[in-house]
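Trainee: here is my input, please return the structure:
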Amino acid sequence: PELRVGLAKLGSHPFFSSFAKLQRVDFLDNFCKAVSKLSNQRFGALFAFERSISMKPIEDSGVKLDAIFSPELALTIFHTKTALHDGGVVISGDLAKSKIPVSQKEMSDRTLGLRHRAGVGMSEESDCVVVVVSEETGAIALAVGGKLERNLTPEQLKGRLEELLNISSSNEKTAIA
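Mentor: Take a look at the predicted model:
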């Protein structure tokens, strides 16, 4: 018991929380690089960031990846010649390939495809943040609370994700280091 208490105190030390923030900022940098590459190559993609509402039922309906996220992994998954490219990736503690529910809401813009409707549908059913890359145009969109923000630049995407996922900005990164 004393060892457990000691480890708990050590884990709550500010040094370790600063380290965790740096890891999240690094992850977000890698994620935005991956989205930019997917967009430039016009690989359609869908990523759902789990927040407070569990996405376990969706994760369980898909193919488990259990992989550490990297731009190379994203490009491989969403390459049009792979078996899993039409799905989406749930990002929580690990990655899981998932079947995504489609929005029941009628979308006024007929140029939006199944991936965009799936992203909006997920954001209607949970508090997740969904990033969608259009296969046809390469445009980047963000679905939150059933609303779709379209034509984001990678920099705008990073700023919105920092805000929505409570991740420290790059300015804080240098202050912590």
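
Trainee: next one: stretch 150-165 to chain centre, how far?
Mentor: Distance, stretch centre to chain centre, for stretch 150-165: 11 Å (Cα atoms, centre = their mean, to the nearest Å).

Trainee: could you do stretch 50-57 as well?
Mentor: In terms of Cα atoms, centre = their mean, the centre of stretch 50-57 is found 12 Å from the chain centre.

Trainee: repeat for stretch 138-155
Mentor: 12 Å.

Trainee: same question for stretch 62-82.
Mentor: Offset of stretch 62-82 from its chain centre (Cα atoms, centre = their mean): 13 Å.

Trainee: got the buried residues for stretch 43-51?
Mentor: In terms of neighbour count (16 or more other Cβ atoms under 10 Å), stretch 43-51 has its buried residues at 43, 44, 45, 46, 47, 48, 49, 50, 51. C-betas here are computed from N, CA, C, even on glycine.

Trainee: save these as TSV, and put in secondary structure, distance to residue 60 and pLDDT too.
Mentor: Shown next, in TSV, are the buried residues of stretch 43-51 (DSSP: H, G, I helix; E, B strand; the rest coil; distance: Cβ to Cβ, whole Å; pLDDT from 0 to 100):
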residue	secondary structure	distance to residue 60	pLDDT
43	coil	26	94
44	coil	24	93
45	strand	21	94
46	strand	17	93
47	strand	18	93
48	strand	14	91
49	strand	18	91
50	coil	13	87
51	coil	18	87
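
Trainee: can I get these in CSV with distance to residue 73?
Mentor: Converted to CSV, the buried residues of stretch 43-51 look like this (distance: Cβ to Cβ, whole Å):
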residue, distance to residue 73
43, 13
44, 16
45, 11
46, 15
47, 11
48, 16
49, 16
50, 18
51, 22
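
Trainee: so which residues of this protein form strands?
Mentor: With DSSP state E, the ranges of strands along the chain come out as 45-49, 88-91, 95-98, 129-133, 140-144, 147-152.

Trainee: show the average pLDDT along the fifth one.
Mentor: Computed over strand 140-144, the mean pLDDT rounds to 96.

Trainee: got the contact list for that strand?
Mentor: Contacts made with strand 140-144 from outside it, assessed by Cβ atoms under 8 Å, 6 or more residues apart in numbering, are listed as 35, 39, 116, 119-120, 122-123, 129-134, 148-154, 157, 160-161, 164.
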